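*Asks:* Need coordinates for the following:
(one chain, ligands or ions: 1)
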Amino acid sequence: MTRVYLDHNASAPLKPAVKAAMLQAMEIAGNPSSVHAHGRAARRAVEEARATVAALVGAKPAQVLFTGSGTEANNLALRGFPGRRILVSAIEHDSVLAAEPDALRIPVTRAGAVDLEALDRLLADGAGPALVSLMLANNETGVIQPVAEAARLAHARGALLHCDAVQAAGRLPVELGALGADLLTLSAHKLGGPAGVGALLVAEGLEPEALIRGGGQERRRRAGTENLLGIVGFGAAARAARDELPLAGDLAALRDRLEREALAAAPQARVMGATLPRVANTSCLVLPGLSGETQVMALDLAGVAVSAGSACSSGKVKPSHVLSAMGEDASTASSAIRVSLGWDSDEAAVDRFLEAWIAMARRARAA
Ligand code: PLP
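*Replies:* Numbering: from 1, shown residues only. All right, here's what the predicted structure looks like:
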């Protein structure tokens with residue numbers, strides 16, 4: 001059975017150009033901190049990647065701070081400015097929510113976007129400088145958040161704005177300046193790069209306090225010998241993402257067909273977040289009465305890989321905190337799957353998904 005992979009938001013398959021760049025980098029023996037020729041070759045490779053990653057989001061290379069994951073970059077953004085009050089949207093990824101468990105939660109609307117009036121009230125109510133964290137595209141629904149507006153509100157109240165752009169980069173044009181973000185998180189493996197490498201983009205003049213200490217790497221902001229292969233892979237993925245960005249919107253046609261045909265076959269199903277602009281690759285489908293976990297297993301048996309709710313790390317399935325924050329009841333928030341397309345998705349993959357999903361929905365109805 002050929003398998004169909006529709007779980008790009010969990011991790012995108014490595015792009016061939018990334019693999020080629022990483023294989024080439026395996027020939028480099030040096031430590032980027034060494035002054036000899038080997039070390040200089042390694043340093044060159046790191047700095048080339050830094051420039052490419054910066055270019056993906058319209059930043060300067062010196063603003064890129066490489067980390068060991070998107071999760072680490074989010075932790076650094078939220079914990080690197082002690083003394084600030086932290087405000088996070090209620091639909092952030094766990095790596096933001098758990099980084100500062102006491103952070104104030106900004107509510108979202110039923111449609112799935114952060115409530116800007118509530119944000120402004122929360123900013124006005126508290127004393128002292130704040131830091132707001134708002135993602136650009138939600139990992140479950142794909143809903144694009146009003147980051148530029150949130151940044152304006154934050155700045156007017158003397159707050160910093162951090163944006164987790166992990167699920168937006170490569171899918172939308174992301175420009176640090178236009179967003180007005182002071183801090184921005186990226187992760188290579190959502191772009192067709194390797195897992196285990198991310199970046200925090202830091203506005204000039206800001207100095208996050210290092211979480212990992214014991215070396216002068218990354219301008220003393222993140223100690224540890226650089227992950228040369230990962231960083232080179234990240235650079236190659238960023239280049240490919242920038243080159244292929246004009247095609248990213250084309251996935252919307254595939255995604256829209258998937259949703260249209262699914263809803264036509266099973267009118268009891270719902271697409272979450274569909275009333276707002278979304279990234280083109282993501283669909284959050286609720287099938288009432290059937291848990292997301294059961295759906296994922298049934299689809300896997302049919303050779304189709306998708307995710308349930310927000311359970312991408314521990315494998316444990318709990319009601320989606322994103323759908324709960326949008327005001328859905330526990331049963332709805334437990335009956336969602338996320339289908340996420342990407343660079344290797346085609347009409348045949350959507351056909352396979354629909355065949356398996358429609359059969360599953362009919363079985364559930366008959367039962
Ligand atoms: N932020 C968002 C929105 C994500 O979807 C993810 C991964 O699912 C992360 C952060 C974490 O990135 P990483 O897997 O590189 O730690």
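*Asks:* Now do the strands in the stretch 251-367 of the chain.
*Replies:* 270-272, 282-286, 304-305, 307-308, 336-340 (DSSP state E, counting those that start in this stretch).
*Asks:* Need the winner for burial among these.
*Replies:* strand 336-340 (a mean of 28; mean count of other C-beta atoms under 10 Å). (Glycine included, C-beta is placed from N, CA and C.)
*Asks:* ok so, going back, could you redo the strands of the stretch 251-367 of the chain as a markdown table and give each row distance to residue 323?
*Replies:* Converted to a markdown table, those look like this (distance: least, C-beta to C-beta, whole Å):
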| stretch | distance to residue 323 |
| --- | --- |
| strand 270-272 | 6 |
| strand 282-286 | 8 |
| strand 304-305 | 21 |
| strand 307-308 | 12 |
| strand 336-340 | 6 |
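*Asks:* Looking at those strands, spot the one closest to residue 190.
*Replies:* strand 336-340 (9.4 Å; C-beta to C-beta).
*Asks:* Tell me which other helices or strands that closest one touches.
*Replies:* strand 282-286, helix 292-301, strand 307-308 (3 or more C-beta pairs under 8 Å, 6 or more residues apart in numbering; DSSP states H and E).
*Asks:* let's go with 10 Å and repeat that
*Replies:* Where contact means 3 or more C-beta pairs under 10 Å, 6 or more residues apart in numbering; DSSP states H and E, strand 336-340 is packed against helix 251-265, strand 270-272, strand 282-286, helix 292-301, strand 307-308, helix 321-325, helix 347-366.
*Asks:* Redo those as JSON lines? Include mean pLDDT and distance to the ligand.
*Replies:* Formatted as JSON lines, the helices and strands packed on strand 336-340 follow (pLDDT from 0 to 100; distance: least, C-beta to the nearest ligand atom, whole Å):
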{"stretch": "helix 251-265", "mean pLDDT": "97", "distance to the ligand": "17"}
{"stretch": "strand 270-272", "mean pLDDT": "98", "distance to the ligand": "16"}
{"stretch": "strand 282-286", "mean pLDDT": "98", "distance to the ligand": "10"}
{"stretch": "helix 292-301", "mean pLDDT": "97", "distance to the ligand": "16"}
{"stretch": "strand 307-308", "mean pLDDT": "94", "distance to the ligand": "9"}
{"stretch": "helix 321-325", "mean pLDDT": "97", "distance to the ligand": "10"}
{"stretch": "helix 347-366", "mean pLDDT": "96", "distance to the ligand": "21"}
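*Asks:* Need the winner for burial among these.
*Replies:* For the helices and strands packed on strand 336-340, the largest average neighbour count (mean count of other C-beta under 10 Å) is found in strand 282-286, namely a mean of 25.
*Asks:* just checking, what packs against that strand?
*Replies:* Using 3+ C-beta pairs under 10 Å, 6+ apart: strand 282-286 touches helix 251-265, strand 270-272, helix 292-301, helix 321-325, helix 330-333, strand 336-340, helix 347-366.
*Asks:* swap the cut-off to 7 Å and go again
*Replies:* If you count contacts as 3 or more C-beta pairs under 7 Å, 6 or more residues apart in numbering; DSSP states H and E, strand 282-286 packs onto helix 251-265, strand 270-272, strand 336-340.
*Asks:* Can you tell me what sits against the second one?
*Replies:* The contact list for strand 270-272 (C-beta atoms under 7 Å, 6 or more residues apart in numbering) reads 112, 141, 259, 263, 283-286, 323, 336.
*Asks:* I appreciate the help and will end here.
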